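Participant: Below are the sequence and a predicted model; questions follow.
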Amino acid sequence: MEAKFNHRDPVYVQVMRHFKEQIARGYFEPGQEIPSRRELANKMKINPNTAQRAYKEMEEQGLIFTEGNLPSRITKDDQLLKRVREELILEAVDTFVHSVRTINVPLHEVLNLVKDQYEKERHE
């Protein structure tokens with residue numbers, strides 16, 4: 001479980017984003033057990049308190065759940081998992097649209113370029 005951390009965002013927020021990306025990619029399945037906080041801290045080379053904070057935030061968001069002393073697991077809430085995926089897609093689209101708008105590219109041209117690039121990458 002590797003993640004590259006930037007120096008802009010708090011590490012716990014980046015850990016949460018990493019989990020969301022892994023869920024969206026299908027790496028984590030609904031109900032799947034996830035590493036303990038200590039295991040995560042060791043694997044990602046982060047402070048255990050940072051791992052604890054990320055897990056606490058993800059629990060508050062309903063992304064993971066912990067029952068008693070059992071290991072934490074990914075939520076089984078399909079609607080929440082769908083929203084996580086949509087959230088990631090919208091973030092990427094917002095960033096893209098903002099950067100394209102700054103160079104004044106017409107919408108039809110952008111859509112054609114996106115479609116061509118999407119198809120090109122699919123075949124590679």
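Facilitator: Nice, I can see it. Residues are numbered from 1 along each chain as shown.
Participant: Please enumerate the strands of this structure.
Facilitator: Taking DSSP state E as the test, the strands found in the chain are 64-65, 73-74.
Participant: Looking at these, which is nearest to R122?
Facilitator: When those are compared by Cβ to Cβ, strand 73-74 sits nearest R122, at 27.6 Å. From N, CA and C alone the C-beta is placed, and that goes for glycine too.
Participant: what's the closest one in contact with?
Facilitator: The contact list for strand 73-74, computed with Cβ atoms under 8 Å, 6 or more residues apart in numbering, reads 23, 28-34, 63-66, 81.
Participant: Could you export the strands of the chain as a markdown table, including mean pLDDT, distance to K45 and mean neighbour count?
Facilitator: Below are those laid out as a markdown table (pLDDT from 0 to 100; distance: least, Cβ to Cβ, whole Å; neighbours: other Cβ atoms under 10 Å):
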| stretch | mean pLDDT | distance to K45 | mean neighbour count |
| --- | --- | --- | --- |
| strand 64-65 | 96 | 21 | 18 |
| strand 73-74 | 97 | 22 | 20 |
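Participant: Which of those sits closest to K115?
Facilitator: Short answer: strand 73-74, nearest of the strands of the chain by Cβ to Cβ, at 32.9 Å.
Participant: Pull the distance from stretch 114-122 to the chain's centre.
Facilitator: Relative to the chain's own centre, stretch 114-122 is displaced by 23 Å; criterion: Cα atoms, centre = their mean, to the nearest Å.
Participant: hang on, the earlier thing: now render the strands of the chain as JSON lines, adding distance to H7.
Facilitator: Shown next, in JSON lines, are those (distance: least, Cβ to Cβ, whole Å):
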{"stretch": "strand 64-65", "distance to H7": "26"}
{"stretch": "strand 73-74", "distance to H7": "28"}
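Participant: so how far is the biggest helix by length in the chain off the chain centroid?
Facilitator: Counting by DSSP state H, the longest helix found in the chain is helix 78-101. Averaging C-alpha coordinates over helix 78-101 and over its chain gives two centres that are 10 Å apart (Cα atoms, centre = their mean).
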